[in-house]
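In: How does the following fold in three dimensions:
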Amino acid sequence: MTETGSTVGEAPLLEVDKLCFGYQGAIAVNNLSLRVARCEAIALLGANGAGKSTTGKLLAGILQPQQGAIRFAGEDVTAFASSRMVDRGVTLVPEGRHVFPRLSVLENLQMGAYAARGKARYAENLARVFELFPRVAERQRQLAGSMSGGEQQMVAIARGLMSDPQLLILDEPSLGLMPKMVDHLFELIGKVLETGVSLILVEQNAYRALEVVQRAYVLEKGQVTIEGAGRELLSNETVRKSFLGL
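Out: Below you'll find the predicted structure:
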């Protein structure tokens with residue numbers, strides 16, 4: 001096995017080639033290429049407006065690329081809508097959590113299993129998320145809107161896992177959380193990775209992200225400017241000055 005968790009010579013789970021997207025003429029993603037191996041975690045880092053969240057939405061089928069190609073598990077999925085991507089095994093947990101506040105925690109999890117892929121393994125996935133997130137299990141009857149921000153983030157990630165993804169995209173999961181909850185959240189992300197799911201982590205907290213991923217891409221104006229192993233980038237001078245405050 002390589003450090004990315006894939007067998008030498010094995011095709012990547014996700015291949016992105018020269019992706020482009022703009023909002024009303026303003027370029028958000030520009031000629032972006034990346035890859036994710038099976039059982040690998042990568043991070044997308046960059047300042048606000050660098051194109052990180054837009055990239056996540058493109059990969060999840062929420063936005064459609066204007067140029068470039070996306071291949072997932074060997075299949076061209078460039079034009080797939082988000083519902084088809086979920087059925088193929090790609091799930092985005094969006095920035096801001098977006099739980100259903102008037103539904104119980106359990107009902108939120110059930111919403112995550114709406115597609116055929118999630119329905120097929122509902123009981124198994126529910127048992128898995130309850131094991132990974134004991135607090136979610138304890139509060140499954142509670143209204144999601146009455147939970148703290150950190151608890152809602154747990155529900156959002158658990159809901160994403162209910163779709164039975166091969167690739168989970170987490171968009172700014174630590175945003176707005178107290179430091180103690182951020183610590184707990186990254187512990188939980190580590191446990192999620194132990195289940196074998198591949199991960200794309202879009203995260204402002206570059207230091208914590210680089211601690212848990214195998215590789216990272218630094219984006220600037222929608223382009224990849226730096227790529228490398230996660231822990232190696234912790235000592236990269238540009239990354240340290242721009243994102244770590246060192």
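In: any low-confidence regions in the chain?
Out: 1-9, 244-246 (pLDDT under 70).
In: repeat that for 80
Out: For the chain, the stretches flagged by pLDDT under 80 are 1-10, 25, 241-246.
In: quick one, longest helix in it?
Out: helix 179-193 (DSSP state H).
In: what comes into contact with that one?
Out: 41, 132-133, 148-150, 153-154, 157, 161, 168, 170, 173-174, 177, 199, 201, 205, 208, 211-212 (C-beta atoms under 8 Å, 6 or more residues apart in numbering). (Glycine included, C-beta is placed from N, CA and C.)
In: from those, which ones fall inside strands?
Out: 41, 168, 170, 199, 201 (DSSP state E).
In: can you redo those as a markdown table with neighbour count and distance to residue 140?
Out: Converted to a markdown table, those look like this (neighbours: other C-beta atoms under 10 Å; distance: C-beta to C-beta, whole Å):
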| residue | neighbour count | distance to residue 140 |
| --- | --- | --- |
| 41 | 26 | 27 |
| 168 | 24 | 21 |
| 170 | 27 | 22 |
| 199 | 21 | 24 |
| 201 | 29 | 26 |
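In: for the residues you listed, which one is nearest residue 120?
Out: Sorting the ones in strands among the contacts of helix 179-193 by distance to residue 120 puts residue 168 at the head of the list, at 17.5 Å, by C-beta to C-beta.
In: you'd agree the closest one is up against residue 196?
Out: No: with contact defined as C-beta atoms under 8 Å, residue 168 does not count as touching residue 196 (11.0 Å).
In: show me what contacts the residue nearest to residue 239 when sequence neighbours are not counted?
Out: Sequence neighbours aside, residue 233 is the residue nearest to residue 239 in space, at 4.9 Å (criterion: C-beta to C-beta, 6 or more residues apart in numbering). By C-beta under 8 Å, 6+ apart, the contact set of residue 233 is 210, 216, 218, 226, 239.
In: Please settle this for me: is the second one part of a helix?
Out: No: if the criterion is DSSP: H, G, I helix; E, B strand; the rest coil, then residue 216 is strand and not within a helix.
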